[in-house]
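Chemist: Based on what follows, work out the 3D shape:
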Amino acid sequence: MFLGIEIGGTKLQLGVGTGDGPPLIALERRTVERTRGAAAIREQILEAGSKLFRQYPIERIGYGFGGPVNSMTGRVITSHQVEGWTDFPIVDWTRAAFGVPVRLGNDCDVAALAEATYGAGRGHGTVFYITVGTGIGGGLVIDGHSQGTGRLAIAEIGHLRPGPLADDPHATVESLAAGPGIEAAARALLSGQPRHPLITAGAFAAQDISVDWPTGRESETADDDTADLLGRCLGNVEQLDAKTIAQAANAGNRIARAALHQAHVALGWGIAQMVTLLSPHVVVIGGGVSLMGEELFFEPLRRQVRRFVFPPLAHSVRLVPAALDEEVVVHGAIALAAIE
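Modeler: Predicted structure coming up:
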């Protein structure tokens, strides 16, 4: 049996599996208290891990860490969310604590391995995995092997900069298409700030909505759309989140649709560049934003990918939802640990 450990910015998960895929034999979840830093997370790993070691004959441990890692040296490079992880020797620390071999991977890389091995990418030679949530990450698996071992980063589709004028390292696909980017776009539109170029001048026009959106109830005026969104967040635009924006868009709110349109264009452009270079057999997309579903997320995104991709590949691209839900990183960490 193998132990897979996911360390994120808000959650810690430890799962036991056989290496043959779902379901997990056991799962321990803990909430990450960011203010207490990495030391508190290590305490939680010792507590939950010791419990699982007493119950199951665990042979090896795999990690999916939410941040850049050096898998060859077994060290965390840093965490962008929790203090105390910078240059931490997590493999040596874990081996000393539990006395078994340990492998380390980035969370997106091991999630890609899980989806390629057990999930929506199973049976496909080249699988590109994307998670779209608070951030955007990617992972590449070819013939069952996770790519990028020993490199500082690979498949970082969220950090592509759309267009040659995007010389600011913060002007990325992630900044436009992840949850916070969608929220920022909606707030900007509500406050009358200049629209980002990806929210085109005709974004509210009927022809744009008919191209990028399913037919449904349409708000009669921009004022109605504004009032609708403000009502949904009780007048506090800082409380406007991506889930609420999706609900408004589904009800026909054109401001919400314009904010999502920006995300579709930016992420669709990024996926198109990746497909043009790699031509994967399947692109698997997970994460909280992708849960908006077919009409609000996948179909508009496919349309933008076809718009930007190398034309001969336009109808060969398969974009599918991830299959392993919130346990995907744990399954990937187990798959990493199970590799002989």
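Chemist: can you give me the strands in the chain?
Modeler: If DSSP state E is used as the criterion, the strands of the chain fall at 2-7, 11-17, 26-31, 60-65, 69-70, 75-76, 102-106, 126-132, 136-142, 145-146, 282-286, 319-321.
Chemist: Val173: which of those strands is closest?
Modeler: Evaluated over those, closeness to Val173 peaks at strand 136-142, with 6.2 Å, by Cβ to Cβ. (Each C-beta comes from the backbone N, C-alpha and C, glycine too.)
Chemist: coming back round to it: between the strands of the chain, which one is nearest to Ala337?
Modeler: Comparing the strands of the chain by Cβ to Cβ, strand 60-65 comes nearest, at 3.2 Å.
Chemist: Helices of the protein, residue ranges please.
Modeler: 37-55, 90-98, 107-117, 173-177, 179-191, 206-212, 222-232, 242-250, 254-278, 299-308, 328-338 (DSSP state H).
Chemist: Need the ones you listed in a markdown table (columns: mean pLDDT, mean neighbour count and distance to Leu27).
Modeler: As requested, the helices of the chain are exported to a markdown table (pLDDT from 0 to 100; neighbours: other Cβ atoms under 10 Å; distance: least, Cβ to Cβ, whole Å):
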| stretch | mean pLDDT | mean neighbour count | distance to Leu27 |
| --- | --- | --- | --- |
| helix 37-55 | 98 | 16 | 9 |
| helix 90-98 | 98 | 17 | 18 |
| helix 107-117 | 96 | 30 | 14 |
| helix 173-177 | 94 | 26 | 29 |
| helix 179-191 | 92 | 21 | 25 |
| helix 206-212 | 42 | 14 | 39 |
| helix 222-232 | 89 | 16 | 34 |
| helix 242-250 | 95 | 21 | 25 |
| helix 254-278 | 95 | 24 | 30 |
| helix 299-308 | 95 | 19 | 31 |
| helix 328-338 | 97 | 30 | 7 |
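Chemist: can you put those in CSV and add distance to Ala153?
Modeler: Converted to CSV, those look like this (distance: least, Cβ to Cβ, whole Å):
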stretch, distance to Ala153
helix 37-55, 21
helix 90-98, 18
helix 107-117, 10
helix 173-177, 13
helix 179-191, 20
helix 206-212, 32
helix 222-232, 36
helix 242-250, 25
helix 254-278, 14
helix 299-308, 23
helix 328-338, 17
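Chemist: Near Leu234, how many other residues are there?
Modeler: By other Cβ atoms under 10 Å, 8 other residues sit near Leu234.
Chemist: Which pLDDT value goes with it?
Modeler: Predicted confidence (pLDDT) for Leu234: 91.
Chemist: picking that back up, make TSV from the strands of the chain and add mean pLDDT and distance to Ala246 to it.
Modeler: Converted to TSV, the strands of the chain look like this (pLDDT from 0 to 100; distance: least, Cβ to Cβ, whole Å):
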stretch	mean pLDDT	distance to Ala246
strand 2-7	98	25
strand 11-17	97	22
strand 26-31	97	25
strand 60-65	97	27
strand 69-70	94	32
strand 75-76	96	33
strand 102-106	96	28
strand 126-132	96	12
strand 136-142	95	17
strand 145-146	92	31
strand 282-286	97	15
strand 319-321	96	15
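Chemist: got CSV for those, with mean neighbour count and distance to Val173 too?
Modeler: Formatted as CSV, these follow (neighbours: other Cβ atoms under 10 Å; distance: least, Cβ to Cβ, whole Å):
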stretch, mean neighbour count, distance to Val173
strand 2-7, 27, 24
strand 11-17, 22, 24
strand 26-31, 15, 29
strand 60-65, 26, 22
strand 69-70, 21, 22
strand 75-76, 22, 25
strand 102-106, 24, 18
strand 126-132, 27, 10
strand 136-142, 25, 6
strand 145-146, 19, 22
strand 282-286, 25, 13
strand 319-321, 17, 15
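Chemist: right, and those strands - which one's nearest Ala249?
Modeler: Nearest to Ala249 among the strands of the chain is strand 126-132 (15.5 Å), distances taken as Cβ to Cβ.
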